[in-house]
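Peer 1: need a structure here:
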Amino acid sequence: MLEKQLNEVVWFQEGPGVRNTQYTTSGVKLLNVANLSDGKIVLANSTRYISKDEAYGKYKHFLCDAGDLIIASSGIKVDYIDKKMGIVTEDMLPLCMNTSTIRFKVKNTNELKLKYLMYFFKSDKYKEQIQKLITGSAQLNYGPSHLNKVKITMYPLKEQEKIVKELDQLTSILSKKQEKIEKYNLLIKSQFNEMFGDPKINPNKYEIVKIEKLFDVGSSKRVFESQWTNSGVPFYRAREIVKLSKDGFVNNELFITSEMYEEYKSIFGVPQANDIMVTGVGTLGICYIVKDSDKFYFKDGNILWFKNKGLCDARFIFEQYKLDYVREQIESNANPSTVGTYTIANAKNTLVLVPPLELQQKYGNFCKHIDKLKFAIKKSIEKYELCYQSLMQKYFG
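Peer 2: Reported below is the predicted structural model:
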């Protein structure tokens, strides 16, 4: 194993700045940062093109070849580097690079495998180098001048092939397990439609009410940053609620003292089982249903507190917050000229479908059954992710 300067083993090129006024509705597709998703190039819904005359004229040097590795180079956070890259395949051509993308070609295929290079770009070693080269910004914005200073860990070609095979196998397993979870998520949505129909149409003519009829909507008593501690009772912000909603657990990093929690509990109350916590900033309207075992406090303004009045099934409302009917209400009320927020006033006026309680509970029980199946898969994913991270550290750490 040895280290080499990246520019010794690969050739790279930054995408051009094609302006909006140059976009056309047909011709040659443009490859933008938005087309890089989950480690793949996704062009199915792409609508940006440039004319063939420009593509094969002014921009011919930026036309992609099959086998090019493309990474995003602007406007992304370091944690998302893994997602914002992909390899060009023959069926994608013709395809032209656009701004904020960089493409890579291996100079000597007897020295470096392209897939090995891709895994290197996903490694902590690469991320750490890039972060050190770019200072003063929470988001990554870099180009060839930065990449010229990056060092890549090199193994003999046969060893690279072995590394790629091991990481590909783990990646494939993780991808299939994640696909299974997505199928379960679709099953939950499908069951909702089968039982209740689209709330926009409301074919069964169920009652539609404002959230304030079902919940007392509020937030928390303010906790100042100076009152945060390193241990005690967990203190959640919007990001922790998003994590809890998605995975059911969170590795919390902020706390308040038990004394403060007990004081606030006695004066202002704390979340109880079957209350719903809802994000009011960031990704708006993400919900988490409070469990019997939960003990936490939360940041005012960041999170809304829906205190359950016992008039509905919490899981039924939770699932409605994933549907277009509710999402569109949230998004239409978020101020587009500033950072969007989901306010207490907007939450109170959000409309939801309310069928008979026994039907809500039947659906809620179905969702809980699917949750158990998903939980088993997620535990398996954790095991394989640990193995993946261990190998990445072994080979690139």
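
Peer 1: Which parts of the stretch 1-150 of the chain are helices?
Peer 2: 6-9, 52-55, 114-122, 124-133, 144-147 (DSSP state H, counting those that start in this stretch).

Peer 1: Nearest residue to the middle of this protein?
Peer 2: Y80 (8.4 Å; Cα atoms, centre = their mean).

Peer 1: Out of the helices of the stretch 1-150 of the chain, the one nearest Q227 is which?
Peer 2: Among these, helix 124-133 comes nearest to Q227, with 30.4 Å by Cβ to Cβ. C-beta here means a position set from N, CA and C on the backbone, and glycine is covered the same way.

Peer 1: Pull the distance from the closest one to the chain's centre.
Peer 2: Chain-centre distance of helix 124-133: 21 Å, with Cα atoms, centre = their mean, to the nearest Å.

Peer 1: K77 and L140 touch, don't they?
Peer 2: Yes. Counting by Cβ atoms under 8 Å, K77 touches L140, with 7.0 Å between them.

Peer 1: more neighbours, those two?
Peer 2: L140 (21 against 10; other Cβ atoms under 10 Å).

Peer 1: what about M392, which SS state?
Peer 2: helix (DSSP: H, G, I helix; E, B strand; the rest coil).

Peer 1: burial count for the residue lying closest to K149 once chain neighbours are set aside?
Peer 2: In this structure, K149 finds its nearest non-sequential neighbour in L133, 6.0 Å apart by Cβ to Cβ, 6 or more residues apart in numbering. Neighbourhood size, L133 [other Cβ under 10 Å]: 15.

Peer 1: ok, L133 - contacts?
Peer 2: 142, 146, 149-150 (Cβ atoms under 8 Å, 6 or more residues apart in numbering).

Peer 1: One more: N32?
Peer 2: 46, 48, 98-101.

Peer 1: Comparing the helices of the stretch 1-150 of the chain, which comes out most buried?
Peer 2: helix 114-122 (a mean of 20; mean count of other Cβ atoms under 10 Å).

Peer 1: Could you tell me the angle between it and helix 124-133?
Peer 2: Following axes from the mean of the first three to the mean of the last three Cα atoms, to 10 degrees, one obtains 50 degrees for the angle between helix 114-122 and helix 124-133.

Peer 1: and the nearest residue to N252 once chain neighbours are set aside, what element?
Peer 2: Setting aside the residues directly before and after it, N252 is nearest to P234 in space (Cβ to Cβ, 6+ apart), at 4.4 Å. When elements are assigned from DSSP states H and E, P234 belongs to strand 233-236.
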